[in-house]
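> quick one: sequence and predicted model below, then my questions.
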Amino acid sequence: MSTLVKPGTRYKSTVCDTEVIVVKPPAAAVDLRCGGHPVIEVGAEAPAGLTLDPAFSAGTPLGKRFADPESGLELLCTKAGAGSLSIGDVPLPLKDAKPLPSSD
Amino acid sequence: MHLGMLLEMAADGLADRVALGPRVGGLSFAELAHQARRVGAALQTLPGDRVGLIDLNSPAVPLTLFGSAIAGKPFVPINYRLADEQLRAIVTRTAPATVVVGAGVAERLGDIDGIHLVTRDELLAIAADTEAKEADGWGGDPEDIAVLLFTSGTTGEPKAAVLRHRNLTEYVISTVEFAGSAEDEVAIVSVPPYHIAGVSASCSSTYSGRRVVQLESFEPRAWVDLVRAESVTHAMVVPTMLGRILDVIEADGQGLPSLRSISYGGGPMPLPVIERAVTALPHVGFVNAYGLTETSSTIAVLGPDDHQAAIGSDDPEVRARLGSVGKPLPSLEVTIRDPGGQEVPTGEHGEIWVRGGQVSGEYLGIGRIENDGWFPTRDEGHLDSGGYLYVHGRLDDVIVRGGENMSPGEIEAVLITHPAVEEAAVVGIPHRDWGEQVVAAVVTSGEVTEDELRGHVRAQLRSSRTPEHIQFRSELPFNENGKLLRRVLRTELEQAFSS
């Protein structure tokens, strides 16, 4: 993923159903992967023959936010899938969010 | 992100949960998404670049909000309570558009160039037609305009605030956890569809997975009955609503046992009302939310824990926080600045400025105020040492008496603490020596003289802030959302007391 991605850009896994949307773009280019393989933009054609890497198969739950403390990248999962997110080989952690009192 | 995606995520993750209406027979999130996609497909082919709505609350409101988003057209909910002439003027400014109308509205509008009308029933029939085409709900550009909201125009010609998809979705995803609501949670929506709180209620409830029941328009007895009948857990009210709700439940003694949370906002809440509410509803968590149309709703919240801490504290600074709007949301920045735009020290009064993804600060035909992303709210306020934000009122309402600036809100807050005073409003009217003089209007429930009230203010504030004249009235002029019509009041008090 280049540093030029805009908030709102959508990516999908090449080996499972996972889809994410960029909430905050990274400060420097990052190698965002899902299920062990680089993600592609939604709408792009997935390369054939890839399989889910068991080391990255914990799953990505719908609606969870992820944040990479190093690059500042923040993602939201918009479709759940069997693969898990990573930057290179480093798993991408969930963003800590303290719930706010409901105001609507 | 895009509003259509919020709904698609809910339809995907919470398909069978009831989204809208009664627990039995209500629309599920999956059905709501199907219906919104049908409305979206229809709106794509209907004439106009925008989609207006002039109606009370009904399922057509969220369906038109999400349907417009899916169709890629701005949603423009318009105040049905406007006088016919004003209503026609605003609809004319919305053209070219398709406008969804409730009963009796078409007759009031007549023929307007570039305006195509669809009735609420026609829209609901399209939504429910399982044969109708469905548009794709996932696409859409986050930069597109999601909603145009006309400001209430209490201080001038109404302006159309521009809220883009990224503003509203930033607000939702930074304040609400996806599917974070328990399955038994139910929100009652009684604010009108043209109020920002109506828009944010649809968005937040969808994303959190909370069922919504609607009241066509607010009426205290009907509100209490619906809360009891549907075991409502969450409610949002403006200050005038809360007092009237308390009147009903104090009279019938039945309470509101299902209710867990009441958030209030949309204007200053008199301390006596919130203290009365905390006593009458001890099991309810109270949330004070402060926000503006231009900031996609809430920017600061005083939560239930803050309310408890303030009520139970001996520390005057902590106690005073019941009159604050709490802390700014962690996803945005708030500063207090002087008229030159320089930040003032903690505790000093100034203009509230805010920056963050949910802040639009943009008006149709006027553009965005560019200050490195900062939006000057025109609200006067201050931050205390704990980071709590206090709002003192609109800067345009500040009274300048003999070179001294004073906020009406500060004087009103003192007047309202007198046991005989129910409502109070303070304005400045021209004075030949002082430039302006302070005058007040009060609604009282007991015997009290003008001199007693003046003494009450003088004892707590300096004498320059003591009203020169106080008018006793049976009511104050409010608009339907409980917003004081200061211009109207100022004109009336000027006629009564001008010197």
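Noted; the coordinates are in hand. Numbering: from 1, shown residues only, chains lettered A, B, ... in the order given.

> leaving aside the residues adjacent along the chain, what's closest to the closest residue to chain A within chain B?
Nearest residue of chain B to chain A: residue B:178, at 2.5 Å (Cβ to the nearest Cβ). The C-beta positions use only the backbone N, C-alpha and C, and glycine is treated the same way. Closest residue to residue B:178 in three dimensions, ignoring its sequence neighbours and counting by Cβ to Cβ, 6 or more residues apart in numbering or on different chains: residue A:63, at 2.5 Å.

> how many residues are close by the one you found?
Neighbourhood size, residue A:63 [other Cβ atoms under 10 Å in any protein chain shown]: 22.

> residue B:140 too?
Other residues lying near residue B:140 total 21 when counted by other Cβ under 10 Å.

> what's the per-residue pLDDT of the closest residue to it other than its chain neighbours here?
Leaving aside its chain neighbours, residue B:140 sits nearest to residue B:2 (4.0 Å; criterion: Cβ to Cβ, 6+ apart). Model confidence at residue B:2, given as pLDDT, is 94.

> ok, the one residue in chain A that gets nearest to chain B - contacts?
Distances between chain A and chain B by Cβ to the nearest Cβ are smallest at residue A:63, namely 2.5 Å. Residue A:63 is in contact with A:76, A:77, B:9, B:13, B:177, B:178, B:179, counting by Cβ atoms under 8 Å, 6 or more residues apart in numbering or on different chains.

> residue B:302: which of the residues you listed is nearest?
The shortest distance between residue B:302 and any of the contacts of residue A:63, using Cβ to Cβ, involves residue B:177 and amounts to 19.9 Å.

> run through the residues that contact that closest one.
Residue B:177 sits next to A:63, A:97, A:99, B:208 when contact means Cβ under 8 Å, 6+ apart.

> repeat that for 7 Å
A:97, A:99, B:208 (Cβ atoms under 7 Å, 6 or more residues apart in numbering or on different chains).

> wait, isn't the last one in contact with residue B:175?
No: Residue B:208 is not in contact with residue B:175 according to Cβ atoms under 7 Å; the separation is 9.6 Å.

> who has more neighbours out of these two?
Each of residue B:208 and residue B:175 has its neighbours counted (other Cβ under 10 Å); residue B:175 has more, 28 against 24.

> phi, psi for that one please.
With angles defined as degrees, to the nearest 10, residue B:175 shows backbone torsions of phi -120, psi -20.

> get me the contact residues on chain A for chain B.
By the criterion of Cβ under 7 Å from any Cβ of the partner chain, the positions of chain A lying close to chain B are A:7-8, A:21, A:23, A:62-63, A:76, A:78-79, A:97, A:99-104.

> among those, which two are most distant?
Pairwise distances among the residues of chain A next to chain B were taken by Cβ to Cβ; the largest, 29.0 Å, belongs to A:79 and A:101.

> for residue B:433, give me the pLDDT.
According to the per-residue confidence, residue B:433 scores 81 in pLDDT.

> and the gap between it and residue B:401?
Computed as Cβ to Cβ, to the nearest Å, the residue B:433 to residue B:401 distance reads 10 Å.

> those two: who's more crowded?
Residue environment comparison for residue B:433 versus residue B:401 gives the larger neighbour count to residue B:401, 18 against 8, counting by other Cβ under 10 Å.

> burial count for residue 52?
In the absence of a named chain, this looks at chain A. In terms of burial, residue A:52 registers 19 neighbours under the definition other Cβ under 10 Å.

> sorry, I should have been clearer: chain B.
Residue B:52 sits with 28 neighbouring residues when counted by other Cβ under 10 Å.

> which strands border the strand or helix carrying it, and is each parallel or antiparallel?
Counting by DSSP states H and E, the secondary-structure element that holds residue B:52 is strand B:50-54. Using DSSP bridges, the strands paired with strand B:50-54 are strand B:75-77 (parallel), strand B:97-101 (parallel).

> and the very next helix or strand once past it with strand B:50-54, angle?
As assigned by DSSP H and E, the chain's next helix or strand after strand B:50-54 is helix B:60-71. In this structure, helix B:60-71 runs at an angle of 180 degrees to strand B:50-54, with axes from the mean of the first three to the mean of the last three Cα atoms, to 10 degrees as the basis.

> shouldn't residue B:207 be in contact with residue B:176?
Yes: contact status for residue B:207 versus residue B:176: in contact at 5.1 Å, counting by Cβ under 7 Å.

> in stretch B:212-221, which residues are buried?
Using 16 or more other Cβ atoms under 10 Å in any protein chain shown as the test for burial, stretch B:212-221 gives B:212, B:213, B:214, B:215, B:217, B:218, B:220.

> before we move on, what about stretch B:480-487?
In terms of neighbour count (16+ other Cβ under 10 Å), stretch B:480-487 has its buried residues at B:481, B:482, B:483, B:484, B:485, B:486, B:487.

> quick revisit: and the residue nearest to residue B:178, which of the three is it?
Secondary structure state of residue A:63, per DSSP: H, G, I helix; E, B strand; the rest coil, is coil.

> which residues are in contact with residue B:324?
Contact analysis of residue B:324 by Cβ under 7 Å, 6+ apart lists B:302, B:388, B:389, B:390.

> which of those residues are buried? Put it as a ChimeraX command.
Applied in ChimeraX, the following selects the buried portion of the contacts of residue B:324 according to 16+ other Cβ under 10 Å:
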select /B:302,388,389,390
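
> buried sites along the strand holding residue B:52?
Within strand B:50-54, the residues that count as buried by 16+ other Cβ under 10 Å are B:50, B:51, B:52, B:53, B:54.

> is stretch B:270-290 positioned near chain A?
Yes: Stretch B:270-290 lies in contact with chain A when judged by Cβ under 7 Å from any Cβ; the contacting residues are B:287, B:289.

> assess the claim that residue B:359 and residue B:376 are in contact.
No: shown here, residue B:359 and residue B:376 do not form a contact pair, counting by Cβ under 7 Å, at 10.8 Å.

> dump the contacts of residue A:63 to CSV, plus pLDDT and secondary structure.
Compiled in CSV, the contacts of residue A:63 are given as follows (pLDDT from 0 to 100; DSSP: H, G, I helix; E, B strand; the rest coil):
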residue, pLDDT, secondary structure
A:76, 95, strand
A:77, 97, strand
B:9, 95, helix
B:13, 94, helix
B:177, 93, coil
B:178, 94, coil
B:179, 94, coil
